[in-house]
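Novice: Next input, structure requested:
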Amino acid sequence: MDGKVRIALLEQRLADERTRADDGEREDRAEDPAPARRPEPGLRVGEYVLETRIGEGGFGEVWKARHAVLDQLAAIKIPTHEAYIANLRRLGRLQHRIDDPRVVKVLGADLDARPPYLAMEYVEGRDLRRLLRDEKRLAPARALRLLEEIGLAVKAAHDAGVVHRDLKPENILVEPGDRVKVTDFELGRARREAERPVLVSADLASVAAASGVVGTLAYMAPEQHSGADVDARADIYALGIIFFEMLTGERPHPGDKPTDLVQGLPVGCDGLFERCFARLEKRFASVDELIEAGRGISKNLARA
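Specialist: So this is what the prediction gives:
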């Protein structure tokens, strides 16, 4: 075989290899999933059509959406980064198992969709943070009534084996008529479940460390700061801070009592707050005890 023939055969083999490589690249591209579209009004996400973005947090975005067939409204949570998908899965599983009308219901999810999403009950109204910004502080009777409703939601979670761990006004939705819906249990953990780091949303500041410290600092119980395992009393600590805010419009500092900021509050408000905003061993042992204490104050207020 002369040199010209060998060169021709070599060039043909190289051409064939390039053709096979190009075909393989096209096949690989065909197998790659299409990139997720950026959420925007009108985008079809699973069974829902996005309408309006209504919020965003550490995990991603929340959209008001409508079921394409049933015309049912929903709040669609869409992670903005793949790292948040595990949190969304955790949120869905934990919140789904809490069967109470005061806890936002999970309607469905597809975390393999493009984009992945979690569909939740859409709640008309505003969160407690916005309510307090609008009204500064609440009348004692109303604050006690809301505290009981929030407490009943938290009790349902505790009965299901879930500690919320990140209770704050942003996670408490208030519907017209002061009906309460508690949400965002992605930071909750089933009791006795192995600790592990999670991504957390931020208010003033949040922490996520290998020690398992999670939560929003302004509402975090002292034992959470150290990364220790926590129980239902961590939520009771946060409930005390929320009660103080509803009565006064401000967060408490160590040593504060509600009556230091607002005169004429019902007898017992200081004591209830102090049984929440306290060292672990001095707190209410359960949300049931907190609810009963609040009901006692409300009864005395009604008789006055």
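
Novice: From here on, just use CA atoms for contacts and neighbour counts.
Specialist: Will do.

Novice: How is the protein divided into domains?
Specialist: Following automatic domain parsing, one finds the domains of the chain at 44-121, 126-303.

Novice: between the ones you listed, which gets nearest to R37?
Specialist: R37 lies closest to domain 44-121 among the domains of the chain, at 6.8 Å (CA to CA).

Novice: gap between that closest one and the chain center?
Specialist: 11 Å (CA atoms, centre = their mean, to the nearest Å).

Novice: What separates the first and last residues of that domain, distance-wise?
Specialist: Domain 44-121 has its terminal residues 18 Å apart, counting by CA to CA, to the nearest Å.

Novice: for the record, mean pLDDT for it?
Specialist: Domain 44-121 shows a mean pLDDT of 88.

Novice: Same check on stretch 284-304?
Specialist: For stretch 284-304, the per-residue pLDDT averages 95.

Novice: Can I get it in PDB, CA atoms only?
Specialist: Output in PDB follows, covering the C-alpha atoms of stretch 284-304 (Å, rounded to 0.1, in the frame of the first residue of the first chain):
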ATOM      1  CA  PHE A 284     -44.200  25.900  80.600                       C
ATOM      2  CA  ALA A 285     -43.700  22.200  80.200                       C
ATOM      3  CA  SER A 286     -46.100  22.000  77.300                       C
ATOM      4  CA  VAL A 287     -48.100  24.300  75.000                       C
ATOM      5  CA  ASP A 288     -51.200  22.900  76.700                       C
ATOM      6  CA  GLU A 289     -50.100  24.700  79.900                       C
ATOM      7  CA  LEU A 290     -49.500  27.900  78.000                       C
ATOM      8  CA  ILE A 291     -52.900  27.800  76.400                       C
ATOM      9  CA  GLU A 292     -54.600  27.200  79.700                       C
ATOM     10  CA  ALA A 293     -52.800  30.200  81.200                       C
ATOM     11  CA  GLY A 294     -53.900  32.400  78.400                       C
ATOM     12  CA  ARG A 295     -57.500  31.300  78.700                       C
ATOM     13  CA  GLY A 296     -57.500  32.100  82.400                       C
ATOM     14  CA  ILE A 297     -56.300  35.700  81.600                       C
ATOM     15  CA  SER A 298     -59.000  36.000  78.900                       C
ATOM     16  CA  LYS A 299     -61.800  34.800  81.300                       C
ATOM     17  CA  ASN A 300     -60.700  37.400  83.900                       C
ATOM     18  CA  LEU A 301     -60.600  40.100  81.200                       C
ATOM     19  CA  ALA A 302     -64.100  39.200  80.000                       C
ATOM     20  CA  ARG A 303     -65.500  39.400  83.600                       C
ATOM     21  CA  ALA A 304     -63.800  42.800  84.200                       C
END
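
Novice: circling back to that earlier point, please tabulate the domains of the chain in a markdown table and include mean neighbour count and distance to R38 as additional columns.
Specialist: Formatted as a markdown table, the domains of the chain follow (neighbours: other CA atoms under 10 Å; distance: least, CA to CA, whole Å):
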| stretch | mean neighbour count | distance to R38 |
| --- | --- | --- |
| domain 44-121 | 19 | 8 |
| domain 126-303 | 18 | 21 |
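
Novice: Is it correct that I150 is in contact with V180?
Specialist: Yes: with contact defined as CA atoms under 8 Å, I150 reaches V180; the gap is 6.5 Å.

Novice: In this structure V262 contacts G249, no?
Specialist: No: using CA under 8 Å, V262 makes no contact with G249, being 9.6 Å away.

Novice: And D134, which helix or strand is it part of?
Specialist: helix 128-135 (DSSP states H and E).

Novice: what's in contact with that helix?
Specialist: By CA atoms under 8 Å, 6 or more residues apart in numbering, the list of residues contacting helix 128-135 from outside reads 138, 169-174, 246, 249.
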